[in-house]
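*Asks:* Just need the structure, nothing else, for what follows:
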Amino acid sequence: MTVATEERTPLAVEAARSAGRCGGAAGACAPMGDAVGRNISPSLLETRALTVRFGSVTAVDGLSYRLDAGRTLAIVGASGAGKTLGCLALVGLVPSSATVSGSARFAGRELVGLGEAELRRYRGREIAIVLQDAAGALNPTMTIGRQIAESARLHEQLGRRAAHGRAVELLGLLGFREPAYAASAYPHELSGGMRQRALIAAAIACGPTLLIADEITRSLDTRTCARTLGLLASLKERLGMTLILVSHDLGLAVRFADEILVMSGGRAVERGAAAALLGQARTPEARKLVGAMKRIRAGKRGERTAVADSGARDVLLEARGIVQEYSRRGGGGTFRALDGVSLTIGRGETLALVGESGAGKSTLARALLQRPRPTAGSVVFDGVELTRLSARSLAELRRRMPMVFQDPCASLDPRWSVRAIVEEPLVIAGVDRRARARGVAEALERVGLPLSIFGSRRPNELSGGQCQRVALARALVADPTLVILDEAVASLDVALQAHMLELLEALRAERGLSYLLISHDLAVVRRIADRIAVLCRGRLCEMGSVEAVFRRPAHPYTAALLAARDNLVTP
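*Replies:* Numbering: from 1, shown residues only. Below you'll find the predicted structure:
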């Protein structure tokens, strides 16, 4: 894979060299033994019958594989297949209610059964994990720079200033426009994609031997994804780093990994060379994933194009001149996140909103909902000017335009059961108990989460993809008019993603729903959207039918997004 990357050597690499961990010619790394066993054999990691149980439920069932040093293994499979749990079990990060058995040998040392103090010596420096729930993984009370620097100070005894400098440089390498300002920000002040990149920066700060990346591209646009993967590829070569990619993006896994491990029902069902999987998948589970990926990338059905090109759309929502400004802390003036954005969404139409991480997409979605009210501009929904409504009137109207957030685990109340979460909109609307029960059961069934199995579970008992489906069910249960989907299928495996897209299209046809689809996945956009709006640094730079924009992008920024997508998509 060819991706753009920085020419500068990251401070993490320089620090590793100065500590004697890398030697020889520039960019070459030599194995080194130390107190935690950094004597890397060709087989860096080997698991045998690794099993994770929650009481009578087996979440990971006899997982066995071998990973050689310097290689990249992608673990793919359906949501809830046990991919993430199998990785967390390596370093003892599974919930306290779990029982882990079997073997996981890292650099010749058994990890299963080690105490917390011993495992802490591995985490961060030897084995680093980038979790998929960026909002939940970052400490909301600490600045981003402090959280990145913390690992370097702990494991490499860097001073405060040096560790902060490393944090700022890593943020710059990962594409932050103002890395010093980002380092001083708190997690809630960053977009989902920015938080994801901040987690990556924290993980690579010490140049770990093994990096486990759990859905690291889920919240990243194609250009940032290319830059991030380029940085990881560079670090992998310079540090001799080994990678485990947990991903729902089968195409990206095939493109980036040396080998692919397919999991289903907690078991490893197929493993082989990445290049051979697309054409020679042997098991039904792998063939299902490949087929779903091809369906998504096949693009939209031809009859849908006429809807996008028709000039006779009945406008449901119109935004005019939306401006959103935020005050910088410390008297640093204001930051304009949105700068005069205007767009329309027709009845029964799907408008896709795309752009780089931090372009203002989620900010615009919240501005449409008046959360918070925009600094300037007008939003008219179904003939009603929202900027003039009282808080009570807005709350009533928002039931007709729910939003599915891009951080599903963080957006669900951890104290509530799945049943209560999905039922709440119906309770607020005054629906009687019997009708509520039918509505909840139907909504959960449509997203593949039977009420009898999942109704009593809490969000922390679900995978990221399952949380995403609960959020979708909650949004659809009360018969909305417009649904705002902020990366609503990003946490789903390709098979479930294809099913959810088909469900969204069916609901649109049945109920006349409209969608505002915020997505970094241009294949998803092409599959389901009628028109596309492209945001760049808070400004709308292009809008048109999906087919027209994909075939003949009018703005250089749009062309760059499409070129980055072509670079990442499997041939």
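
*Asks:* Would you map out the domains in the protein?
*Replies:* Listed by automatic domain parsing, the domain ranges of the chain are 11-137+208-297, 300-307+314-402+481-571, 408-479.

*Asks:* Quick one: the strands in the stretch 301-450 of the chain, in order.
*Replies:* Per DSSP state E, counting those that start in this stretch, the stretch 301-450 of the chain has strands spanning 315-327, 334-346, 350-354, 376-381, 384-385, 403-404. These are given in chain order.

*Asks:* tell me the most buried of those?
*Replies:* Burial among those, expressed as mean neighbours by mean count of other CB atoms under 10 Å, is greatest for strand 350-354, which shows a mean of 26. C-beta coordinates here come from the backbone N, C-alpha and C atoms, glycine included.

*Asks:* Sheet partners, orientation included, of it?
*Replies:* The sheet places strand 350-354 alongside strand 514-518 (parallel), strand 531-536 (parallel), with pairing taken from DSSP bridges.

*Asks:* In TSV, list those along with distance to Val269.
*Replies:* Compiled in TSV, the strands paired with strand 350-354 are given as follows (distance: least, CB to CB, whole Å):
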stretch	distance to Val269
strand 514-518	32
strand 531-536	37
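
*Asks:* now the ones you listed as CSV including mean pLDDT and mean neighbour count?
*Replies:* As requested, these are arranged in CSV below (pLDDT from 0 to 100; neighbours: other CB atoms under 10 Å):
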stretch, mean pLDDT, mean neighbour count
strand 514-518, 96, 25
strand 531-536, 95, 24
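
*Asks:* In JSON lines, list the strands of the stretch 301-450 of the chain along with mean pLDDT and distance to Ala435.
*Replies:* As requested, the strands of the stretch 301-450 of the chain are exported to JSON lines (pLDDT from 0 to 100; distance: least, CB to CB, whole Å):
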{"stretch": "strand 315-327", "mean pLDDT": "95", "distance to Ala435": "26"}
{"stretch": "strand 334-346", "mean pLDDT": "94", "distance to Ala435": "29"}
{"stretch": "strand 350-354", "mean pLDDT": "96", "distance to Ala435": "28"}
{"stretch": "strand 376-381", "mean pLDDT": "96", "distance to Ala435": "26"}
{"stretch": "strand 384-385", "mean pLDDT": "96", "distance to Ala435": "27"}
{"stretch": "strand 403-404", "mean pLDDT": "92", "distance to Ala435": "23"}
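
*Asks:* Throw those strands into a markdown table and include distance to Cys87, thanks.
*Replies:* Shown next, in a markdown table, are those (distance: least, CB to CB, whole Å):
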| stretch | distance to Cys87 |
| --- | --- |
| strand 315-327 | 36 |
| strand 334-346 | 35 |
| strand 350-354 | 30 |
| strand 376-381 | 43 |
| strand 384-385 | 48 |
| strand 403-404 | 26 |
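
*Asks:* Can you say which of those is nearest to His164?
*Replies:* strand 334-346 (21.6 Å; CB to CB).

*Asks:* helices or strands up against the closest one?
*Replies:* Counting contacts by 3 or more CB pairs under 8 Å, 6 or more residues apart in numbering; DSSP states H and E, the secondary-structure elements packed against strand 334-346 are strand 315-327, strand 350-354, helix 361-368, strand 514-518, strand 539-545.

*Asks:* try 6 Å this time
*Replies:* Based on contacts counted as 3 or more CB pairs under 6 Å, 6 or more residues apart in numbering; DSSP states H and E, the elements that strand 334-346 packs against are strand 315-327, helix 361-368.

*Asks:* Among the strands of the stretch 301-450 of the chain, which comes closest to Leu245?
*Replies:* strand 350-354 (23.6 Å).

*Asks:* Give me the residues contacting stretch 517-534.
*Replies:* Contacts to stretch 517-534, defined as CB atoms under 6 Å, 6 or more residues apart in numbering, come from residues 221, 296-297, 299-300, 307-308, 343, 349-355, 361, 485-486, 501, 541-543, 545-546, 549, 558, 565.

*Asks:* do you know how far Ile345 is from Phe381?
*Replies:* Ile345 sits 9 Å away from Phe381 when distances are taken as CB to CB, to the nearest Å.
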